[in-house]
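>>> 3D model of this:
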Amino acid sequence: MLGAPKLPITVKAEIDLVLVTVTAMGLATRLWGITYPAAVVFDEVYYGQFTSLYMKNIFFIDDSGPPLGHMILAFGAFLGGFDGNFVWNRIGAEYPCSVPVWSMRLLPALAGALSVPLAYQIVVELGYSHLAALGAALLVLCENSLVAQSRFMLLESVLIFFLLLAVLSYLKFHSHHKRSAHFSPSWWFWLLLTGVACACAVGVKYMGLFTYFLLLCVAGAHAWQVIGDPKLSNTAVLYHVVARGAVLVALPVVLYLGFFCLHLKLLYRTGPHDQVMTSAFQASLEGGLARITQGQPLEVSYGSQITLRNVLSQPVPCWLHSHKGNYPIRYGDGRGSSHQQQVTCYPFKDVNNWWIVKDPGRRELVVSNPPRPVRHGDTVQLVHGMTARFLNTHDVAAPMSPHTQEVSCYIDYNISMPAQDLWRVEVVNRESEREVWKTILSEVRLVHINTTAVLKLSGASLPDWGFRQLEVVADKMARGYHQSMAWNVEEHRYGKSHEQKEREVELHSPSQIHVGRNLSFMAKFAELQWKMLTLKNEDSEHKYSSSPLEWITMDTNIAYWLHPTSNAQIHLIGNIVIWSSANVSLCVYAALFLWYLLRRRRRMKDIPEDSWSQWVLVGAVCVGGWAVNYLPFFMMEKTLFLYHYLPALTFEILLPPVVLQHVHDHILRFPAHRHAFSALVLAWLSSVYLVYRSFSPLTYGQPTLSAAELGSLRWKDTWDILVRKR
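Modelled structure (predicted):
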């Protein structure tokens with residue numbers, strides 16, 4: 001029999017009161033007055049639009065990054081009961097009572113608040129004292145730019161939280177490994193949390209990749225040490241390497257796919273952004289093209305009435321089009337044309353986008369019973385539905401791209417220019433050599449039989465005589481695959497009318513033959529990811545855009561919000577003492593590291609081996625974290641802002657307490673020097689707090705300052721602090 005448990009049952013717990021205190025202070029600084037101002041602040045106008053689309057399940061595409069960050073903001077809005085009904089059209093627009101400002105700003109603020117204890121624990125895990133860790137936490141706590149960025153519906157604080165969580169989790173995992181707690185529950189927990197945090201960081205913004213790759217390099221170096229450990233058997237080494245690979249590589253990939261899966265499940269309705277996607281993707285969304293194409297025939301047959309969309313969709317989505325307008329007899333540069341009927345690519349749905357697939361050996365323009373499907377390699381003629389003229393090309397230079405051939409609808413002028421209107425269908429994404437041409441799913445090239453030229457969208461706009469529509473050409477030099485020469489059938493019906501007048505009426509009415517088609521998640525993910533990476537909005541100069549060189553010395557700021565009638569305002573502006581201290585610490589660390597490295601090369605060890613290993617790890621985490629999150633911006637051709645520097649800054653401001661402790665412990669030899677040094681450190685921390693308090697009105701937007709008080713805070717001529725003179 002089981003004996004009764006001994007009483008009393010007690011639980012012992014150790015609580016780090018310093019950690020609890022800095023956490024509470026982080027929450028206080030980030031959550032205080034979070035609903036002020038009750039108006040759109042800077043990039044809330046951008047993120048708010050996506051939040052509204054989530055609330056309405058409307059598809060969108062954002063080329064700035066993956067969807068996890070947007071989903072986190074949308075979750076906050078969901079918790080507050082937001083229905084998505086708000087027009088995000090300008091900075092400063094007042095929020096009505098129906099917009100739950102507190103809940104929409106809550107999650108970024110919590111992420112910013114929790115970054116404070118994460119900084120504390122990272123310094124402890126690096127092997128430094130709790131006093132140094134407290135210093136790091138206070139720097140993160142009093143950094144005005146981090147406070148301001150975390151109090152609004154923005155993503156940098158969320159990104160920084162996951163970056164710090166990933167670093168802390170890996171350091172915890174490495175500590176367990178050094179204590180030989182291999183494959184224990186806590187060993188697995190911290191390793192798994194590292195993989196999850198890395199995936200979340202990348203899922204919020206692609207900038208998370210920089211720190212993720214850094215951690216992979218550190219983990220790789222540590223794995224190399226494991227491989228060389230003679231105490232471990234070959235089997236144990238294999239387990240270690242596989243575990244790290246599965247959790248740090250495979251798990252983030254799976255989670256990243258999961259973010260997109262959830263994103264696509266939430267956004268199942270058509271919206272303003274889906275036109276840049278392929279017809280197959282659009283047809284998978286509820287409404288829009290899905291409603292238009294529902295029940296269309298799947299297989300294109302002789303006699304089918306179709307619209308052909310160019311796969312490239314740049315500069316805008318467009319459809320093969322013709323109209324009752326001819327090419328001018330002579331172009332502006334004096335070259336002659338065929339004076340045939342114009343063929344263009346038109347960026348709007350129009351009845352003149354309809355074409356009929358004709359069998360060259362038959363006269364009928366209707367689908368037979370049973371239908372005869374068109375297959376890869378078949379020869380067809382394309383008849384324009386509304387004018388009954390054949391798609392044609394010949395050895396005449398195109399109007400805007402004279403190195404290619406003009407494409408037209410043939411008009412017989414009884415001159416020595418016979419029709420050349422035969423085209424070979426090549427299914428690009430075929431799975432067999434006799435693949436059937438399918439609606440929406442098939443991408444086809446149309447190759448001219450007489451000249452082997454390929455029907456192609458040049459992307460150039462025609463002059464006024466072409467109604468500014470996009471030029472379509474036939475390119476003899478086209479080889480291989482490019483989206484500009486690929487077309488897919490978007491709308492499709494089986495033609496039944498024999499007479500042209502009846503056919504014109506038929507082209508205006510949809511047919512319904514139910515054929516279901518589903519696009520797999522991986523196909524949708526691959527297309528969406530490719531569009532996000534390649535579809536770039538035109539970058540334009542912004543009043544508050546800046547260069548990376550301006551960030552490190554904080555020669556710039558951003559005005560986030562200005563009260564419409566008073567001098568109350570919010571700026572993204574940093575604590576200049578912290579920024580300067582971080583830069584000095586970076587230089588001191590680099591100098592000491594090089595000094596130690598050279599001395600060790602000469603077999604002279606100024607610090608113990610454990611301290612050297614600790615110093616190297618600090619460089620990998622803090623200096624490496626700063627470098628990988630800062631230096632890549634010098635190679636980016638995009639509009640940049642000061643907030644892009646915040647992840648790098650967060651890693652950099654972990655350095656001053658570490659460098660100060662190192663100087664105190666290993667360089668200062670005399671107690672008097674150490675006492676004086678401690679007094680200087682205390683004075684420095686006091687100045688950090690005083691600057692934080694001085695700039696708090698620009699961080700929180702309150703209290704309102706006078707014009708003179710605002711002028712006194714303009715410590716640099718390059719800072720743009722707005723003053724309303726009454």
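>>> Contacts for stretch 21-28, please.
In this structure, residues lying in contact with stretch 21-28 by CB atoms under 8 Å, 6 or more residues apart in numbering are 110, 112-117, 120, 134, 137-138, 140-141. C-beta: built from backbone N, CA, C; applies to glycine.
>>> where does the stretch 201-350 of the chain dip in pLDDT?
Along the stretch 201-350 of the chain, the model assigns pLDDT under 70 to residues 288-294.
>>> State the helix or strand in which the residue lying closest to Ser401 once chain neighbours are set aside lies.
The spatial neighbour of Ser401 that comes closest, neighbours along the chain excluded (CB to CB, 6 or more residues apart in numbering), is Ser458 at 4.7 Å. For Ser458, the element it lies in under DSSP states H and E is strand 454-461.
>>> and after the longest helix along the chain, which helix or strand comes next?
For the chain, the longest helix by residue count, based on DSSP state H, is helix 671-700. Tracing the chain past helix 671-700, the next element assigned as helix or strand by DSSP H and E is helix 707-712.
>>> Run the chain-centre distance for that next one.
The offset between the C-alpha centroid of helix 707-712 and the centroid of the whole chain comes to 39 Å, using CA atoms, centre = their mean, to the nearest Å.
>>> likewise stretch 319-338?
Using CA atoms, centre = their mean, the offset of stretch 319-338 from its chain centre is 42 Å.
>>> Over to stretch 433-450?
Its chain's average C-alpha position is 33 Å from that of stretch 433-450, according to CA atoms, centre = their mean.
>>> Pull out the buried positions in that stretch.
435-448 (16 or more other CB atoms under 10 Å).
>>> likewise stretch 39-48?
Within stretch 39-48, the residues that qualify as buried by neighbour count (16+ other CB under 10 Å) are Ala39, Val40, Val41, Phe42, Asp43, Glu44, Val45, Tyr47, Gly48.
>>> What is the nearest of the residues you listed to Glu527?
Minimum distance to Glu527 across the buried residues of stretch 39-48 is 23.8 Å, recorded for Tyr47 (CB to CB).
>>> and the helix or strand where the closest one lies, what does it pack onto?
When secondary structure is defined using DSSP H and E, the element that contains Tyr47 is helix 44-55. In terms of contact count using 3 or more CB pairs under 8 Å, 6 or more residues apart in numbering; DSSP states H and E, helix 44-55 is assigned the packing partners helix 68-79.
>>> What lies in contact with the helix it packs on?
Everything outside helix 68-79 that qualifies as a contact, by CB under 8 Å, 6+ apart, is 47, 50-51, 54-55, 62, 84, 100, 103-108, 153, 155, 158-159, 200, 203-205, 259, 262-263, 266.
>>> Tell me what angle it forms with helix 44-55.
70 degrees (axes from the mean of the first three to the mean of the last three CA atoms, to 10 degrees).
>>> Just give me the neighbour total for Val241.
14 (other CB atoms under 10 Å).
>>> Chain neighbours aside, what residue packs nearest to it?
Counting by CB to CB, 6+ apart, Ala223 is the residue found nearest to Val241 once chain neighbours are left out, at 5.9 Å.
>>> and Arg269, what is it in contact with?
Taking CB under 8 Å, 6+ apart as the contact definition, Arg269 lies against Lys56, Asn57, Ile58, Phe59, Leu285, Glu286, Gly287.
>>> I'd guessed the first one sits against Phe86; true?
It stands for Lys56. No: under the contact definition of CB atoms under 8 Å, Lys56 does not touch Phe86, with a separation of 11.3 Å.
>>> Those two: which is more packed in?
Comparing Lys56 with Phe86 by neighbour count (other CB under 10 Å), the higher total belongs to Phe86, at 19 against 13.
>>> helix or strand for that one, which one?
No secondary structure element spans Phe86, as it lies outside all helices and strands (assigned by DSSP H and E).
>>> where's it relative to Glu94, distance?
Counting by CB to CB, to the nearest Å, the separation of Phe86 from Glu94 is 10 Å.
>>> Please report how far Thr35 lies from Val99.
For Thr35, the distance to Val99 equals 10 Å [CB to CB].
>>> repeat for Gly332
Taking CB to CB, one finds Gly332 at 54 Å from Val99.
>>> ok, now Val383?
The gap separating Val383 from Val99 is 54 Å, by CB to CB.
>>> ditto for Leu586
To Val99, Leu586 is 42 Å away according to CB to CB.
>>> neighbour count winner among these two?
Just comparing Leu586 and Val99: by other CB under 10 Å the higher neighbour count belongs to Val99, 22 against 19.
>>> which regions of the protein sit below the pLDDT cut-off?
Low-confidence segments of the chain, defined by pLDDT under 70: 1-6, 288-294, 414-416, 498-499, 501-518, 536-540, 725-726.
>>> and the angle from the helix or strand where Ala199 lies to helix 68-79?
Element membership of Ala199 [criterion: DSSP H and E] is helix 185-204. Relative orientation of helix 185-204 and helix 68-79, computed by the same axes, to 10 degrees: 90 degrees.
>>> which other helices and strands contact helix 185-204?
Helices and strands touching helix 185-204, by 3+ CB pairs under 8 Å, 6+ apart, are helix 68-79, helix 156-178, helix 208-227, helix 251-266.
>>> in it, what counts as buried?
Of the residues in helix 185-204, those buried under the neighbour-count criterion (16+ other CB under 10 Å) are 187, 190-204.
>>> Please apply the same query to stretch 541-559.
Within stretch 541-559, the residues scored as buried using 16+ other CB under 10 Å are Tyr544, Ser545, Ser546, Pro548, Glu550, Trp551, Ile552, Met554, Thr556, Asn557, Ile558, Ala559.
>>> any idea how far Leu519 is from Leu264?
Distance of Leu264 to Leu519, computed by CB to CB: 10 Å.
>>> Please export the C-alpha coordinates of stretch 205-223 as PDB.
Output of stretch 205-223 as PDB, limited to C-alpha atoms (Å, rounded to 0.1, in the frame of the first residue of the first chain):
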ATOM      1  CA  LYS A 205      10.700  41.100 -40.000                       C
ATOM      2  CA  TYR A 206      13.300  39.900 -42.300                       C
ATOM      3  CA  MET A 207      15.800  41.800 -40.200                       C
ATOM      4  CA  GLY A 208      15.500  38.900 -37.800                       C
ATOM      5  CA  LEU A 209      17.600  36.900 -40.200                       C
ATOM      6  CA  PHE A 210      20.700  38.800 -39.300                       C
ATOM      7  CA  THR A 211      20.600  37.700 -35.700                       C
ATOM      8  CA  TYR A 212      19.400  34.200 -36.600                       C
ATOM      9  CA  PHE A 213      22.400  33.700 -38.800                       C
ATOM     10  CA  LEU A 214      24.700  35.000 -36.100                       C
ATOM     11  CA  LEU A 215      23.300  32.500 -33.600                       C
ATOM     12  CA  LEU A 216      23.700  29.700 -36.200                       C
ATOM     13  CA  CYS A 217      27.400  30.700 -36.500                       C
ATOM     14  CA  VAL A 218      27.800  30.700 -32.700                       C
ATOM     15  CA  ALA A 219      26.000  27.300 -32.400                       C
ATOM     16  CA  GLY A 220      28.100  26.000 -35.300                       C
ATOM     17  CA  ALA A 221      31.300  26.900 -33.400                       C
ATOM     18  CA  HIS A 222      30.000  25.300 -30.300                       C
ATOM     19  CA  ALA A 223      29.000  22.200 -32.200                       C
END
